[in-house]
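Asker: Here is a sequence with its predicted model. Questions after.
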Amino acid sequence: MLNTQSVKMEKLSGGQGVVASLKQEGVSKVFCVPGESYLPVMDAIYDEPSIELISCRHEGGASFMAEGYAKATGEPGVVMATRAVGGANLAIGIHTAYQDSTPMVVFLGQVHTAFRGREGFQEVELDQFFSHIAKWTVEIREAARVPELVSRAFKAARSGRPGPVVVSLPEDMLRDIADMTFTPSLERPKPAPSRSELEKISFLLKEAKKPIIIAGGGVVRSNAEQELITFAEATGIPVMASFRRHDVFPNDHRLYAGHLGLGTPAPILETAKQADVILALGSRLSEITSQDYSLFNKDQKLIHIDISEDTIGKVFAPAIGVLSDAKEALSALTALNITPQPESLEWAEERHEIFEKYSSLKIEEQTEAAISYQQTIKLLQSELPSETIFTNDAGNFATWLHNYFIFTKPNTYIGPTSGAMGYGIPAAIGAKLANPSSPVVSLSGDGGAMMTIQELETAVRYEIPVICIVYNNQMYGTIRMHQEIHYPEKVVGTDLGNVNFVLLAHSMGASGELIETADQLKEALQKAVKNKVPTLLELRMDPEQISVSKTITELRDRNK
């Protein structure tokens with residue numbers, strides 16, 4: 001759609017210029033921990049009714065909120081913090097956005113120009129500090145250049161492979177007055193495959209007997225979920241989701257073949273191993289998706305389609321590499337009318353049956369007994385509406401969600417491919433702000449929850465009714481699992497103390513409930529969906545069940 005906004009000229013302070021630029025870019029939410037180094041920006045937000053400031057309890061939580069909000073909206077999340085100390089605290093969110101290809105614009109207050117180079121109070125060269133975990137970094141030294149450089153920051157965050165941009169704002173620049181020129185925001189480029197590229201792809205797919213599609217975040221980013229369904233159905237090619245992109249394709253569809261992630265059952269991984277042609281679409285084929293870069297073999301032909309030229313061929317040399325927006329590519333591929341081979345259709349049916357077999361929950365109806373991980377997933381599936389959005393922390397508990405929850409609608413899953421702990425609760429708050437009419441549920445272990453649980457107070461203060469589920473087994477479970485595998489019975493550093501999460505939730509004004517049986521969880525979920533305040537449900541879990549497939553005892557026994 002053509003942008004018909006006109007060029008505007010105004011005399012503003014640097015801080016006012018930043019906020020005017022945010023308004024120009026359509027920003028409505030800004031997450032922060034307040035800092036004196038960028039007070040002029042906060043003051044200008046106060047005067048701008050179209051932008052809401054969400055003041056958080058920790059910069060790490062603020063950056064996760066912005067990242068979750070960005071994933072939920074598809075537009076850049078905006079977060080602010082002060083100088084080196086605030087910037088260092090939110091670095092985890094920048095790294096998450098970088099690895100997850102999430103558009104984000106980070107504004108950091110900076111030391112007064114006259115004090116630079118003297119190791120001033122909280123002085124760090126912010127643009128250099130963040131340069132290798134951000135897509136672009138810049139310091140705005142002249143107030144007149146604020147509109148130009150902020151516009152460029154948003155363009156960089158949105159275009160190509162999306163990612164975080166860090167903008168450093170010297171304190172004196174924010175107070176300087178200058179004539180500023182505001183131009184219309186730029187649309188995201190959407191390159192398409194060439195005719196010759198489409199002909200080559202068509203030839204490979206027509207000849208393939210066991211083709212698969214690996215669909216990644218690029219499909220979600222381009223809103224191409226429906227185009228993916230249309231193309232898969234037209235060709236009969238089964239679809240696998242890359243790591244933590246579960247909602248890219250309906251999991252109950254006859255062509256869904258499973259998820260490439262942590263703890264994926266070996267028979268499901270066999271689908272990717274047996275494929276003769278792999279169409280990787282909007283996926284960087286990360287370490288986790290590719291199972292430590294070992295999933296593919298030299299006899300397979302890889303077609304790699306991605307919006308970023310740097311991503312194509314970065315980890316695997318493709319037979320065909322195409323620089324394209326996922327939506328444009330899928331539309332063009334569907335128009336080719338590729339007819340699947342009968343053998344290919346039979347194989348697709350077989351692989352979906354394998355997925356169904358290994359994703360089916362096999363649990364007994366023991367509602368009065370101690371709750372199991374399997375029962376929690378079954379109840380999340382049965383008691384919550386299909387439009388519920390899930391976020392999660394890193395941790396073994398998430399493997400039950402990954403392996404057994406059936407995602408049927410797009411834009412219902414938000415997880416950190418970076419594996420960041422503390423992500424779930426603040427990301428859920430960001431997602432709920434983006435989708436106030438949909439239930440939003442975060443899943444955390446007790447270790448990850450304690451890293452950002454203070455943001456529950458933020459949710460209370462802004463009346464954001466998220467549902468936070470905490471699996472409490474009083475340990476850093478994932479690390480304990482690796483500890484038992486490599487150094488059995490030598491437990492050090494992974495045991496945690498007892499935290500009363502329910503009491504903690506109540507102290508912040510949230511609803512809280514201790515869950516010990518399946519019946520209790522069922523009733524609590526039904527109440528939580530209707531609750532007008534945030535809800536925390538603490539689930540007491542058996543520490544012996546360390547992973548989907550093994551107990552601690554079983555891990556120890558296999559080493560004897």
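Answerer: Cool, got the structure. Quick caveat: nothing in here was measured; it's all calculated off a predicted structure.

Asker: and residue 52, what are its bridge partners?
Answerer: Residue 52 has these beta-bridge partners by DSSP bridges: residue 29.

Asker: can you point me to the longest helix in this structure?
Answerer: helix 342-359 (DSSP state H).

Asker: average pLDDT for that one?
Answerer: The average pLDDT within helix 342-359 is 94.

Asker: hmm, who's touching the helix or strand that that helix is followed by?
Answerer: Remark: after helix 342-359, the chain's next helix or strand is helix 373-383, criterion DSSP states H and E. Helix 373-383 has contacts (CB atoms under 8 Å, 6 or more residues apart in numbering) with 361-363, 367, 388, 390, 397, 400-401, 404-406, 441, 469, 471, 518, 521-522, 525-526, 529, 539, 541, 545, 548. Using the backbone N, CA and C atoms, a C-beta is placed for each residue, glycine as well.

Asker: Which members of those are positioned in strands?
Answerer: If you go by DSSP state E, the contacts of helix 373-383 have 390, 441, 469, 471, 539 in strands.

Asker: Got phi/psi on residue 424?
Answerer: Backbone dihedrals for residue 424, given as degrees, to the nearest 10, come out at phi -60, psi -50.

Asker: List the contacts of it.
Answerer: So, once contact is read as CB under 8 Å, 6+ apart, residue 424 ends up touching 391-393, 442-444, 448-449, 468.

Asker: how close does residue 351 get to residue 89?
Answerer: Residue 351 is 45 Å from residue 89, where distance means CB to CB, to the nearest Å.

Asker: With neighbour numbers in mind, choose between these two.
Answerer: Neighbours were counted for residue 351 and for residue 89 using other CB atoms under 10 Å; residue 351 has more, 26 against 18.

Asker: What distance do you get for that one to residue 211?
Answerer: 11 Å.

Asker: thinking residue 255 is in contact with residue 238, fair?
Answerer: Yes: using CB atoms under 8 Å, residue 255 is in contact with residue 238, at 5.0 Å.

Asker: Give me the common contacts of the two.
Answerer: With CB under 8 Å, 6+ apart, residue 255 and residue 238 have common neighbours 232, 348, 352.

Asker: Output these as CSV; include the columns neighbour count.
Answerer: Output for these, formatted as CSV (neighbours: other CB atoms under 10 Å):
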residue, neighbour count
232, 22
348, 25
352, 20
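
Asker: Serialize these to JSON lines and add fields for distance to residue 533.
Answerer: Output for those, formatted as JSON lines (distance: CB to CB, whole Å):
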{"residue": "232", "distance to residue 533": "42"}
{"residue": "348", "distance to residue 533": "46"}
{"residue": "352", "distance to residue 533": "41"}
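
Asker: Just name the closest of these to residue 556, please.
Answerer: residue 352 (36.7 Å; CB to CB).

Asker: Doesn't residue 162 lie inside a strand?
Answerer: No: counting by DSSP: H, G, I helix; E, B strand; the rest coil, residue 162 falls outside a strand, being coil.

Asker: Next, count neighbours for it.
Answerer: With other CB under 10 Å as criterion, residue 162 counts 27.

Asker: cool, and the one 10 residues further on?
Answerer: Here the number of neighbours of residue 172 (other CB under 10 Å) works out to 16.

Asker: just checking, it touches residue 112?
Answerer: Yes: taking CB under 8 Å as the definition, residue 172 is a contact partner of residue 112 at 5.0 Å.

Asker: what residues does stretch 41-58 touch?
Answerer: Taking CB under 8 Å, 6+ apart as the rule, stretch 41-58 contacts 13, 15-16, 18-20, 22-23, 27-34, 62, 65, 80, 89, 107, 109, 169, 174, 426, 433, 452, 454-455, 457-458, 462.

Asker: Looking at residue 255 and residue 238 now, which is surrounded by more residues?
Answerer: residue 238 (28 against 22).

Asker: Look up how far residue 227 lies from residue 318.
Answerer: For residue 318, the distance to residue 227 - CB to CB - is 21 Å.

Asker: So if I had to pick from these two, which one is more boxed in?
Answerer: residue 227 (20 against 17).
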